[in-house]
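Peer 1: The following comprises the amino acid sequence and a computationally predicted model.
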Amino acid sequence: MNIESQQQLLEHTDTPNSQNDLQNVKLLLRRNFIYPLLFFVGTIIYLEIVVHLYLFGSIDSKIIYPIMFAIPLGICFTLLTGLFNEFGNKLLMWIVTSISCLIFGLQAVYYNIFKVFFSFHSLGMADDALTEFTDDVNYAIRSNLLTIIILMIPLVILYILIKEVFICKKRSLKMQACIFAGLISFHLFAMALLPIHGKEDYTPYDLYFDSRVPELSGQQLGIITLTRFDLSGLLKGDDSILVAGDLKPEPTPIDSNEDVLAPTPIIEEGNAPDSNVWDDLPLPSPTPIPIDTSPNIINIDFEELARNEDNETIRTLHKYFANELPTYKNEYTGMFEGYNLIMITAEGFFPYAVHEELTPTLYKLTNEGFIFNNFYTALWQTSTSDGEYVAMTGLIPVGTRSMYHSRNNLMPFVLGNQFNLLGLTSKAYHNHTYTYYERNETHPNLGYDYKGVGNGLVLDSYVWPESDLEMIEHTVDEYINEEPFHIYYLTVSGHMNYTFIGNSMSSKNRDLVKELPYSSDVKAYIACQIELDRALEKLIESLTEAGVIDNTVIALSADHYPYGWDKKYLDEIAGHEVDPYFEIYKNHFILWNPAIETPIIIDKPASSLDILPTLSNLFGLAYDSRLLVGRDILSNNDPLVILSNRSFITDKVMYNSATGEVIKLTEEELPEDYIKNMNNIIKNKFKISKTILKTDYYRYVFPEYPKGLK
């Protein structure tokens, strides 16, 4: 019996007429259903396991979830490839298999380079990336070529199976219904297995039904589930806007603020000065003068706003902020009021780039002024743009392209807008294409007169990456005689890839690092950071010559660590194996003014989220600390460092969300449910940050901005 006859028999005969017919039906069933099913299920499981091993190096019991969620997708592909005629089904087989291999290959390469999973929400940046970073894209593909080839093996197998095994005929409605029932059953079964590892924070159950942290979801639930979450959010729009009942229960906040009194001299017994010396001392005040420790807030009645708000989401935010504790003014409040501020986001800056001889200016700045010994710079989804967003807004970037999505929002607390209210014209510069990440739209909204390459910033040479030194040389005269001023720089000389071929800054400074006892890649990294050092040297020299250095503050932080490296290079430059969960994010926050003769040492844990409120307090700016996620580092509030995967650091613990490990930092016993409460607080802060961005919340608080910003 030929294939057409077999197909007719399968479609129209429920009971075969002979033993021969039965054998033909079984053969057709295998070739038109069972073999395609095994191929598709096997392919997805294969892809999940290969990518998991490539990215994470090992497999644990949670691999059951990527495998189990692969089965219903394989059944789905089997269902789809039985809907049409032979040509249509074969074509669809090629399409779904190719797309699957492509998605897994994309995620493997993307995560290997950027240390985060790719999100389809970032497709809007693809044109810029492919146009301006073609060499980087090609390098990424070449570096991961073997993995890509391994992930394409299912396509070779499919070619053989279609040619030799599969009968790609249209299936009967009855059979398709059975396949659909199997799809639903296996998906429900996979979901039923989720509680096996518990329902605690960041378990597979929590990630599936609540948290959906991309980094953890991709590892614990698999690429298929991660992609489904991502595409669902893209197609349906934002489904996580805050509504009443969404926030996690938090412990009742305890306001531990106490008035801080100005210290008075203490004369130790036996060391009292003689009468003449005593007479020369200023008389102490009868009552110690208290430092102003009033809350750093604006007069906002959130409860009244909530009573008068019809929008449930906005009302929920009002109620949240009504109960949020502020930070308080302190001995550093207004320390730099009236000073100039130069804020710098340094591309790919890492503590081990600082060398006393090779980068003397960076060495000077990291060892003078304020020294933050426990400062962290997290790596977020959209790398540099998110790094900027965190430092400039004090909010958590949730999803992708947060800075871009804020371009039409009211951003009252960002420094550009704050300084503009003082009568300044804040200026921003970037020594790369001015439209990249749409900064020509985002940075003017942050209050800056913005220039990049292509809209006013002219450099001596247009190479990749461009020179930070040239950016300083061509811009410093535009503001140095216009005191007071606020300037923002985004550098690019420290951008990957770190090689002497293809990185012009590494090549430029190659001779300066040739004697270092490092590999070529590490030398190239240090060489490109030397360009940042030379730029800072020129900046300070120009400020000094203009006589404004004493009245100028330089604040520099990284956008992220050099994630484009294999970890072996991070270990090499550090001289030890770098902890990939916390230490890898530890960095410098340079906060320098030459008048600070004795370094001010801050051991409190802090992060880039805290930069905006800290600078706002130091410069005596009007802001409401309740409306920011970050906290003034110099306040007496409890510290909280939040990483993108929801790991956190406090003064009591370091909590690893990926492993559930709790590293105690003190001998004292933890309060009851401490980790659970902290996780709830952090989940709420992510939701609050996202909702502030998505709803343009600040415009509801300040409808007549800048009126009311006092």
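Peer 2: It's in.
Peer 1: Could I get the contacting residues of Arg212?
Peer 2: By CB atoms under 8 Å, 6 or more residues apart in numbering, the contact set of Arg212 is Phe229. Backbone N, C-alpha and C define where each C-beta goes, glycine included.
Peer 1: pLDDT value on it, please?
Peer 2: Reported pLDDT at Arg212 in the predicted model: 93.
Peer 1: Could I get the buried residue list for stretch 425-443?
Peer 2: For stretch 425-443, burial by neighbour count (16 or more other CB atoms under 10 Å) applies to 426-434, 436-440, 442-443.
Peer 1: swap in stretch 693-708?
Peer 2: Buried residues in stretch 693-708 (16+ other CB under 10 Å): 693-695, 697-698, 700-702.
Peer 1: And for stretch 363-371?
Peer 2: 364-366, 368-371.
Peer 1: Sort out for me which of these are in strands.
Peer 2: By the criterion of DSSP state E, membership of the buried residues of stretch 363-371 in strands covers 370-371.
Peer 1: Thr499: which of the buried residues of stretch 363-371 is nearest?
Peer 2: Thr366 (26.1 Å; CB to CB).
Peer 1: Ignoring the adjacent residues along the chain, who's closest to the closest one?
Peer 2: His588 (5.1 Å; CB to CB, 6 or more residues apart in numbering).
Peer 1: And for Ile611?
Peer 2: That would be Ala391: by CB to CB, 6+ apart, it lies 4.6 Å from Ile611.
Peer 1: if we can go back for a sec, what about the residue nearest to Thr366, distance to Ala527?
Peer 2: 19 Å (CB to CB, to the nearest Å).
Peer 1: more crowded one of the two?
Peer 2: Ala527 (26 against 23; other CB atoms under 10 Å).
Peer 1: Roughly how far does that one sit from Ala558?
Peer 2: 17 Å.
Peer 1: Check Leu424 too.
Peer 2: 26 Å.
Peer 1: the more surrounded of the two?
Peer 2: Taking other CB under 10 Å, Leu424 and Ala558 do not tie; Ala558 has more neighbours (29 against 20).
Peer 1: wait, isn't the more buried one in contact with Gly387?
Peer 2: Yes - assessed by CB atoms under 8 Å, Ala558 is found in contact with Gly387 at 7.0 Å.
Peer 1: Overlap in contacts, these two.
Peer 2: 345, 377.
Peer 1: buried sites along stretch 619-632?
Peer 2: For stretch 619-632, using 16+ other CB under 10 Å, the buried residues are 619, 621-632.
Peer 1: just to revisit the earlier point, widest-spaced pair of the buried residues of stretch 363-371?
Peer 2: Longest span within these, CB to CB: Lys364 and Phe370, 13.6 Å.
Peer 1: And stretch 593-602, what's buried?
Peer 2: 593-594, 602.
Peer 1: Next one: the closest residue to Asp696 other than its chain neighbours, what pLDDT does it get?
Peer 2: In this structure, Asp696 finds its nearest non-sequential neighbour in Asn409, 4.5 Å apart by CB to CB, 6+ apart. Asn409 is assigned 98 on the pLDDT scale.
Peer 1: just Leu123 next, same as before
Peer 2: 79.
Peer 1: got it, and Gln8?
Peer 2: 53.
Peer 1: returning to what we had before: any idea which helix or strand comes after the strand or helix carrying the residue nearest to Ile611?
Peer 2: Assigned by DSSP states H and E, Ala391 belongs to helix 383-393. Heading C-terminal from helix 383-393, the first helix or strand you meet, by DSSP H and E, is helix 402-405.
Peer 1: which residues touch that following helix?
Peer 2: 124, 382, 385-386, 388-389, 395, 397, 437-438, 441-442, 693-694.
Peer 1: from the middle of its chain, how far away would it be?
Peer 2: 13 Å (CA atoms, centre = their mean, to the nearest Å).
Peer 1: Tyr139 contacts Asn497, doesn't it?
Peer 2: Yes - assessed by CB under 8 Å, Tyr139 is found in contact with Asn497 at 5.7 Å.
Peer 1: between those two, which one's more packed in?
Peer 2: Asn497 (24 against 17).
Peer 1: for that one, phi and psi?
Peer 2: phi -90, psi 150 (degrees, to the nearest 10).
Peer 1: which among the buried residues of stretch 593-602 gets closest to Glu672?
Peer 2: For the buried residues of stretch 593-602, the nearest to Glu672 is Ile602 (29.7 Å; CB to CB).
Peer 1: For beta bridges, what are the partners of the closest one?
Peer 2: Phe372 (DSSP bridges).
Peer 1: just use 635 as the starting number from now, easier for me
Peer 2: New numbering, starting at 635: the last item is Ile1236.
Peer 1: That one reaches Phe1223, doesn't it?
Peer 2: No - with contacts counted by CB under 8 Å, Ile1236 stays clear of Phe1223, the gap being 9.2 Å.
Peer 1: overlap in contacts of the two?
Peer 2: 1004, 1006.
Peer 1: thinking again about what came up before, looking at the buried residues of stretch 1327-1342, point me to the pair that's furthest apart.
Peer 2: So, the buried residues of stretch 1327-1342 by CB to CB: farthest apart are Lys1328 and Phe1336, at 17.5 Å.
Peer 1: ok, Val730 - how many residues close by?
Peer 2: 21.
Peer 1: show me what contacts it?
Peer 2: 674, 711, 714-715.
Peer 1: Dump those into TSV; add pLDDT as well.
Peer 2: Listed next are the contacts of Val730 as TSV, based on pLDDT from 0 to 100:
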residue	pLDDT
Phe674	98
Phe711	98
Leu714	98
Thr715	97
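Peer 1: Out of those residues, which comes closest to Val1092?
Peer 2: Looking across the contacts of Val730 and measuring by CB to CB, the closest to Val1092 is Phe711, at 54.4 Å.
Peer 1: separation between that closest one and Thr731?
Peer 2: In terms of CB to CB, Phe711 sits 8 Å off from Thr731.
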